[in-house]
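Asks: output the structure for:
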Amino acid sequence: MDDTINGTQLGPRVTAVTPTDDYSLILTFTGGEKRIFNAVPLLEMAVFRPLKNKALFQSVKVSRGSVLWPQDIDYCPDTLYMESIPVNLASAIAN
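Replies: Okay, the predicted model is just below:
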């Protein structure tokens, strides 16, 4: 995967994803940073509504630096990064 487009450096890209039972994604980004993305707000948008099916949500995989579900449902890697929080911060909030 190229880390630039037309000479512009891309933001962090997803290298691993683990879905949770509460519709969050545990994401690993380039450089090894782990962050948690809450996908619940997406489920009300028409394109993401099929993900309310937990089995479909759980089928997420990494594709081209982002996440992808069947039915060609994906999400922008830059937005995933900006709207997620570091795992260590999520742990502190939960306690």
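Asks: list the beta-bridge partners for the closest residue to residue 63 other than its chain neighbours.
Replies: The spatial neighbour of residue 63 that comes closest, neighbours along the chain excluded (C-beta to C-beta, 6 or more residues apart in numbering), is residue 74 at 7.0 Å. From N, CA and C alone the C-beta is placed, and that goes for glycine too. Beta-bridge partners recorded for residue 74 (DSSP bridges): residue 68.
Asks: can you give me the pLDDT of residue 74?
Replies: The confidence metric pLDDT takes the value 97 at residue 74.
Asks: what about it, neighbour count?
Replies: 15 (other C-beta atoms under 10 Å).
Asks: centroid residue for the chain?
Replies: Against the mean C-alpha coordinate of the chain, by C-alpha atoms, centre = their mean, the closest residue is residue 80 at 4.9 Å.
Asks: SS state for the closest residue to that one other than its chain neighbours?
Replies: With sequence-adjacent residues excluded and distances taken as C-beta to C-beta, 6+ apart, residue 80 is closest to residue 37, at 5.4 Å. Per DSSP: H, G, I helix; E, B strand; the rest coil, the local secondary structure of residue 37 is strand.
Asks: how much space between residue 37 and residue 19?
Replies: With distances taken as C-beta to C-beta, to the nearest Å, residue 37 is found 10 Å from residue 19.
Asks: more crowded one of those two?
Replies: For residue 37 and residue 19, the more surrounded residue by other C-beta under 10 Å is residue 37, and the numbers stand at 22 against 19.
Asks: how much space between the residue lying closest to residue 43 once chain neighbours are set aside and residue 31?
Replies: Leaving aside its chain neighbours, residue 43 sits nearest to residue 52 (5.2 Å; criterion: C-beta to C-beta, 6+ apart). When C-beta to C-beta is the yardstick, residue 52 and residue 31 sit 32 Å from each other.
Asks: which stretches of the chain form helices?
Replies: In the chain, the helices defined using DSSP state H lie at 54-58, 77-82, 87-94.
Asks: I'd like these as TSV, with mean pLDDT and distance to residue 44 appended.
Replies: TSV is the format used below for the helices of the chain (pLDDT from 0 to 100; distance: least, C-beta to C-beta, whole Å):
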stretch	mean pLDDT	distance to residue 44
helix 54-58	98	14
helix 77-82	96	16
helix 87-94	70	22
